[in-house]
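Asks: Any chance you could fold what I've pasted below:
(2 chains)
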Amino acid sequence: TQLLEQSPQFLSIQEGENLTVYCNSSSVFSSLQWYRQEPGEGPVLLVTVVTGGEVKKLKRLTFQFGDARKDSSLHITAAQPGDTGLYLCAGARGAQKLVFGQGTRLTINP
Amino acid sequence: NAGVTQTPKFQVLKTGQSMTLQCAQDMNHEYMSWYRQDPGMGLRLIHYSVGAGITDQGEVPNGYNVSRSTTEDFPLRLLSAAPSQTSVYFCASSYTAAGGRGGYTFGSGTRLTVV
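Replies: All right, here's what the predicted structure looks like:
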């Protein structure tokens, strides 16, 4: 059973469109992280959110942590080909090790 | 550049062979872990360590062995390679198991093929 469910698993859109990726769980997390992985490389941390309702922006990427700290979303505005990659969410429960979602593979077509 | 260094980047093994995947970090992180990444399966935890001399199993430990004699190094040993171990392997490190604000730092991976 996957503790963190990401949706969609695959997304292919045209350059300039907006998109949202979701990370959902029935469990409460003390913090949630988002990573991006490019082909042939390891995941790289984008952001960490720790407070329920927290919103963080990274240029055209907006990350939100749900009020109940059970879910998170990543919204990309005006997607560009450089946004292509595998997006992973990961949740921490107290001092326990991170739990990763299965990832969303995003392709932005020029 | 500070970070996590994995070697080799690519490896082909024959069934039954053994080998060691190397992982080294220079950030003085206490927590280190090994994952395998397969299509559609996400990252699956193999083994992890919360400090030198302390290791524990993750969700898919069978066929793999680890040791942590120093803070910097966390090698992963394949005892007798099987085709099911064909995968991409990632080593990660962090100050804490939960990652904290800085999250996990990942190496660039080892792509292993067992024939």
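Asks: how about the lowest-mean-pLDDT helix or strand in chain A, does it reach chain B?
Replies: Lowest by mean pLDDT, DSSP states H and E among the helices and strands of chain A is strand A:99-100, with a mean of 92. Yes. Judged by C-beta under 8 Å from any C-beta of the partner chain, strand A:99-100 comes into contact with chain B at A:Phe100. In short, each C-beta sits where N, CA and C put it, glycine included.
Asks: Enumerate the residues of chain B near chain A.
Replies: Residues of chain B lying near chain A (C-beta under 8 Å from any C-beta): B:4, B:31, B:33, B:40-43, B:45, B:48, B:90, B:92, B:96-109.
Asks: How about residues contacting the least confident helix or strand of chain A?
Replies: Strand A:99-100 has contacts (C-beta atoms under 8 Å, 6 or more residues apart in numbering or on different chains) with A:3-4, A:88-93, B:42-43.
Asks: What strands flank that strand, and is each parallel or antiparallel?
Replies: strand A:85-92 (antiparallel) (DSSP bridges).
Asks: Kindly export the strand it pairs with (C-alpha atoms) in CSV.
Replies: Only the C-alpha atoms of strand A:85-92 are listed here, as CSV (Å, rounded to 0.1, in the frame of the first residue of the first chain):
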residue,chain,number,x,y,z
GLY,A,85,11.2,15.6,-15.5
LEU,A,86,10.0,13.3,-12.7
TYR,A,87,8.4,15.1,-9.8
LEU,A,88,8.5,13.3,-6.4
CYS,A,89,6.8,14.2,-3.2
ALA,A,90,8.1,12.8,0.1
GLY,A,91,6.6,13.0,3.6
ALA,A,92,8.2,12.9,7.0
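Asks: give me the residue from chain A nearest chain B.
Replies: At 3.1 Å from chain B, A:Gly42 is the closest residue in chain A, using C-beta to the nearest C-beta.
Asks: Without its sequence neighbours, what residue ends up closest to residue 41?
Replies: Went with chain A since none was named. Spatial nearest neighbour of A:Glu41, chain neighbours left out: B:Ser108 (5.4 Å); criterion: C-beta to C-beta, 6 or more residues apart in numbering or on different chains.
Asks: hm, I was asking about chain B
Replies: Using C-beta to C-beta, 6+ apart, the nearest residue to B:Met41 is A:Gln102, at 7.1 Å.
Asks: three-state assignment of that neighbour?
Replies: coil (DSSP: H, G, I helix; E, B strand; the rest coil).
Asks: show me what contacts it?
Replies: A:2, A:4-6, A:9, B:40-42.
Asks: any low-confidence regions in chain B?
Replies: Within chain B, the segments meeting pLDDT under 70 span B:1.
Asks: bridging residues for B:Tyr64?
Replies: The partner residues for B:Tyr64, given DSSP bridges, come to B:Leu78.
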